[in-house]
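Asker: what follows is a predicted protein model with its sequence.
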Amino acid sequence: GAGVSQSPSNKVTEKGKDVELRCDPISGHTALYWYRQSLGQGLEFLIYFQGNSAPDKSGLPSDRFSAERTGGSVSTLTIQRTQQEDSAVYLCASSPTGGAFQPQHFGDGTRLSIL
Amino acid sequence: AQKVTQAQTEISVVEKEDVTLDCVYETRDTTYYLFWYKQPPSGELVFLIRRNSFDEQNEISGRYSWNFQKSTSSFNFTITASQVVDSAVYFCALSGGPSGSRLTFGEGTQLTVNP
């Protein structure tokens, strides 16, 4: 079975541009998570989806960051007016139902570089 | 707030040596879950083990073993007879309580096993 799929693998863009990152979770998983991994901040939680709703979006660093999930499957993380500090690897994970006891399965990530 | 500390930033060993990776956590929750993930150079986070706060029984899986001690809030990971393929960054993580299923990660320990 397929794992969590993220696209693109790498994205290079100029400061000020908008970017969209995509995550396709494991089929049947209702819970979806976004994390960010950067040198200075380690692995940080961004947002959690249960189905199409986001009960926990407390990790989004600013209002330039938004995410949506449609059809209970694919999710898109959008960063508007990108800044250099947004450069990081953005990781997506999914789990069967979102219970705290469930291991999260991660994708390979999208490496975002802001010039 | 939850916190995970991995005090060892980098560890370097020679193949066949045993190595222990330390993890100390902080939480006010009575029910919580601890995880270890491996991140090889390819970048994908791979789930290794889960432990719940009610189960202090140590676990062994092949060359891997885990020691959970609630009294010292520690969840240490030992690799016996290390191999070059064990070289990776290892993350300890915590979930549960009001933060629900979001994972709080430690800073990670870079393990290098030299031939």
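Answerer: Alright, I've got the coordinates. Numbers count the residues shown, from 1 in each chain, chains lettered A, B, ... in the order given.

Asker: low pLDDT regions in the chain?
Answerer: As the question left the chain open, I've gone with chain A. Flagging of chain A using pLDDT under 70 yields the residue ranges A:1.

Asker: wrong one, I was asking about chain B
Answerer: Short version for chain B, where the test is pLDDT under 70: B:97-99.

Asker: I'd guessed residue A:34 sits against residue A:46; true?
Answerer: Yes. Using CB atoms under 8 Å, residue A:34 makes contact with residue A:46 at a distance of 4.1 Å. Where C-beta positions appear, they are placed from N, C-alpha and C, glycine not excepted.

Asker: more neighbours: these two, which one.
Answerer: The neighbour comparison of residue A:34 against residue A:46 (other CB atoms under 10 Å in any protein chain shown) goes to residue A:34, with 26 against 21.

Asker: got the contact list for that one?
Answerer: Taking CB atoms under 8 Å, 6 or more residues apart in numbering or on different chains as the criterion, residue A:34 is in contact with A:23, A:45, A:46, A:47, A:67, A:75, A:77, A:90, A:91, A:92.

Asker: tabulate the CA atom coordinates of the host helix or strand of the second one in CSV.
Answerer: Translated: residue A:45. Remark: residue A:45 resides in strand A:42-50, with elements defined by DSSP states H and E. The C-alpha trace of strand A:42-50 is given here as CSV (Å, rounded to 0.1, in the frame of the first residue of the first chain):
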residue,chain,number,x,y,z
GLY,A,42,13.6,21.5,15.1
LEU,A,43,10.4,19.6,14.4
GLU,A,44,7.3,21.8,15.0
PHE,A,45,3.7,21.0,14.8
LEU,A,46,1.6,23.2,12.5
ILE,A,47,-1.9,21.9,12.2
TYR,A,48,-4.0,18.8,12.7
PHE,A,49,-7.0,17.8,10.6
GLN,A,50,-9.7,15.3,11.5
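
Asker: so which elements touch that strand?
Answerer: With contacts defined as 3 or more CB pairs under 8 Å, 6 or more residues apart in numbering or on different chains; DSSP states H and E, strand A:42-50 has these neighbours: strand A:31-38, strand A:53-56, strand A:65-69, strand A:75-79, strand B:104-105.

Asker: how near is residue A:57 to chain B?
Answerer: Residue A:57 sits 11 Å away from chain B, going by CB to the nearest CB, to the nearest Å.

Asker: about what we covered before: looking at the helices and strands packed on strand A:42-50, which is nearest to residue B:34?
Answerer: Ranking the helices and strands packed on strand A:42-50 by their distance to residue B:34 (criterion: CB to CB) puts strand B:104-105 first, at 10.3 Å.

Asker: what about residue 53, how many neighbours?
Answerer: This is for chain A. 10.

Asker: that's the wrong chain, I wanted chain B
Answerer: 16.

Asker: would you check that it makes contact with residue B:28?
Answerer: No. Using CB under 8 Å, residue B:53 is not in contact with residue B:28; the gap is 11.8 Å.

Asker: got any residues that touch both of these two?
Answerer: By CB under 8 Å, 6+ apart, residue B:53 and residue B:28 have no common neighbours.

Asker: for chain B, which residues are neighbours of chain A?
Answerer: Within chain B, the positions near chain A by CB under 8 Å from any CB of the partner chain are B:31-33, B:35, B:37, B:42-47, B:50, B:52, B:91, B:95-97, B:99-108.
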